[in-house]
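Enquirer: Here is my input, please return the structure:
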Amino acid sequence: MEDVSLWLLQLRDAFSRHLVFGVGILLMGSFFMGRLAEKIRLPAITGFILAGLILGPSMIGLVHRDLDATLASITEIALALIALVIGSEFSLKKLRSIGRPVVIITLFQLFAAFLLVTGALVLAGMALEFAAILGAIASATAPAATVAIIRDLKARGPFVDYLYGVVALDDAGCILLFASVTAIASNSLGAASGMLTSILHAVVEILASIILGGVTGWVLHLLTRKRARVNEFLIVSLSVILVLSAISNTFHLSALLSSMAAGAVMANLSRKTHRIVTSLDSISPPLYAAFFAIAGTELNLGVLTSPAILLFGGVFVVARGMGKVAGVHFGAVAAGSDPLIRKYLGFGMLPQAGVAIGLVLFLDTIPYFSQNHQITATLINIVLFSVLFNELAGPPLSRYAVIKGAKLE
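Expert: Modelled structure (predicted):
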């Protein structure tokens, strides 16, 4: 029996360091765990994360820790696509149709979550730079669960219009906030210069990222405006996005911000933006499944049982929930919105998944954090702790909000 166990361990070790095997087993595990999660009325994303956790170094070990740096490339590609799609929602026509009240509510809840989480983590003993980064990540919301609930309930009316509008703007605002905070924090942590120098460096980095992304969006428009076939859209779009991400990372710019800027410029120049996004959708499912599973491999069960992670994770979850609900309430009051929106809309902003995970994994591409893996792992586990909690508790609360605030058919 011992010989069989030893042979199985040797076989596992032989395969676990192989990149192709790692990606394949993560995709297979994501499929089955995603289906299982949906059967018990949880988002498939939760299943993907759990698949990575089970297959990763914390448990079975079929995906070796040595693959972290190589698998980060998949994360980089997935993040670039996510940011491009978010940016493509920023057409001036769409922004005008959303209206002033939705913009006000979005800004209130965005900054309320950021400030409350940052302040609470600092009071709990975390350094300001790390607390501010987590505060920026806390402002992200996962729209998938809320949208599914709205469709399931066949809800309609002003409440639903407001909810869609705030969710659409929230993740874009979160990426802008995260890029700004991370640029300042990483410069402050990695340099001996003062805070003013760090802020100026961050401003240059953000502006350069936006300009690079804007130029790339214009180039992508030129390359695709006369194309008619879907495969041409896919090849050209994917190649341009990958080159943009590589250039951004090489020159220490924000790949997220540049990809989002490219999507925004493209959306305002071309009527074919939806065709580009649709063509990219054909490769998105396996890429996103691998992306979330890779996030699961980063989850360290041993760290999650440590008092510090439980403390910071609990503070993060509570402060974020308070920030989202209170921010929507006061934003709705300032905008003069309906009492139902003030009272219930905030509960629809609690689910958290893809963008939050993507942002915290993005830290691995920043020199300071890639060189301080223990700090990065701690921040990743705090965010994954929050995501797992909010993917369990968030959807029921969103359903409650929609039932109370919207018209049901």
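Enquirer: Starting from residue 101, give me the distance back to residue 203.
Expert: Going from residue 203 to residue 101 by CB to CB, to the nearest Å gives 30 Å. From N, CA and C alone the C-beta is placed, and that goes for glycine too.
Enquirer: what about these two, which has more around it?
Expert: Just comparing residue 203 and residue 101: by other CB atoms under 10 Å the higher neighbour count belongs to residue 101, 20 against 13.
Enquirer: Secondary structure element holding the more buried one?
Expert: Taking DSSP states H and E as the criterion, residue 101 maps to helix 100-123.
Enquirer: Name the residues of that helix that are buried.
Expert: Counting neighbours by 16 or more other CB atoms under 10 Å, one finds that the buried residues in helix 100-123 are 101-122.
Enquirer: you'd agree residue 376 is up against residue 361?
Expert: No. Counting by CB atoms under 8 Å, residue 376 stays clear of residue 361, with 9.1 Å between them.
Enquirer: Quick check on these two: which one has the bigger neighbour count.
Expert: Between residue 376 and residue 361, residue 361 has the larger neighbour count (other CB under 10 Å), namely 24 against 20.
Enquirer: in a helix, that's where that one is, yeah?
Expert: Yes. Counting by DSSP: H, G, I helix; E, B strand; the rest coil, one finds residue 361 located in a helix.
Enquirer: Just list the residues touching it, thanks.
Expert: For residue 361, the contacting residues are 72, 75, 79, 294, 295, 298, 380, by CB atoms under 8 Å, 6 or more residues apart in numbering.
Enquirer: which one of those residues sits closest to residue 137?
Expert: residue 380 (10.3 Å; CB to CB).
Enquirer: wait, isn't the closest one in contact with residue 294?
Expert: No. Residue 380 lies out of contact with residue 294 (CB under 8 Å); the separation is 10.8 Å.
Enquirer: ok, these two, which is more surrounded?
Expert: Higher neighbour count among residue 380 and residue 294: residue 294, with 27 against 22, using other CB under 10 Å.
Enquirer: what separates the closest residue in space to that one that isn't next to it in sequence from residue 341, distance-wise?
Expert: Nearest residue to residue 294 in three dimensions, chain neighbours excluded: residue 71, at 5.0 Å (CB to CB, 6 or more residues apart in numbering). Here residue 71 is placed at a distance of 42 Å from residue 341 (CB to CB).
Enquirer: Residue 162 too?
Expert: The gap separating residue 162 from residue 341 is 5 Å, by CB to CB.
Enquirer: any residues in contact with both of the two?
Expert: What both residue 162 and residue 341 touch, as defined by CB under 8 Å, 6+ apart, is the set residue 105.
Enquirer: quick one, phi psi at residue 61?
Expert: Main-chain torsions, residue 61, degrees, to the nearest 10: phi 80, psi 20.
Enquirer: what about it, how many residues close to it?
Expert: Count around residue 61 with other CB under 10 Å applied: 14.
Enquirer: Also residue 242?
Expert: A count of nearby residues for residue 242, using other CB under 10 Å, gives 15.
Enquirer: do the same with the one 4 residues further on
Expert: Each residue near residue 246 was counted by other CB under 10 Å, and the total is 13.
Enquirer: That one is in what secondary structure piece?
Expert: Per DSSP H and E, residue 246 falls inside helix 230-250.
Enquirer: avg pLDDT for that helix?
Expert: When pLDDT is averaged along helix 230-250, the result is 81.
Enquirer: picking up where we left off before, the helix holding residue 101 - contacts with which helices or strands?
Expert: If contacts are counted by 3 or more CB pairs under 8 Å, 6 or more residues apart in numbering; DSSP states H and E, helix 100-123 sits against helix 128-138, helix 158-190, helix 307-335.
Enquirer: any idea which of these is most buried?
Expert: helix 128-138 (a mean of 25; mean count of other CB atoms under 10 Å).
Enquirer: what inclination does it have with respect to helix 158-190?
Expert: When axes from the mean of the first three to the mean of the last three CA atoms, to 10 degrees is applied, the directions of helix 128-138 and helix 158-190 differ by 160 degrees.
Enquirer: other SSEs contacting helix 128-138?
Expert: So helix 128-138, by 3+ CB pairs under 8 Å, 6+ apart, packs with helix 100-123, helix 158-190, helix 307-335, helix 354-362, helix 373-405.
Enquirer: roughly how far apart are the nearest residue to residue 275 once chain neighbours are set aside and residue 239?
Expert: Distances taken as CB to CB, 6+ apart put residue 233 closest to residue 275, at 5.6 Å, once the chain neighbours are dropped. Remark: distance between residue 233 and residue 239 (CB to CB) = 11 Å.
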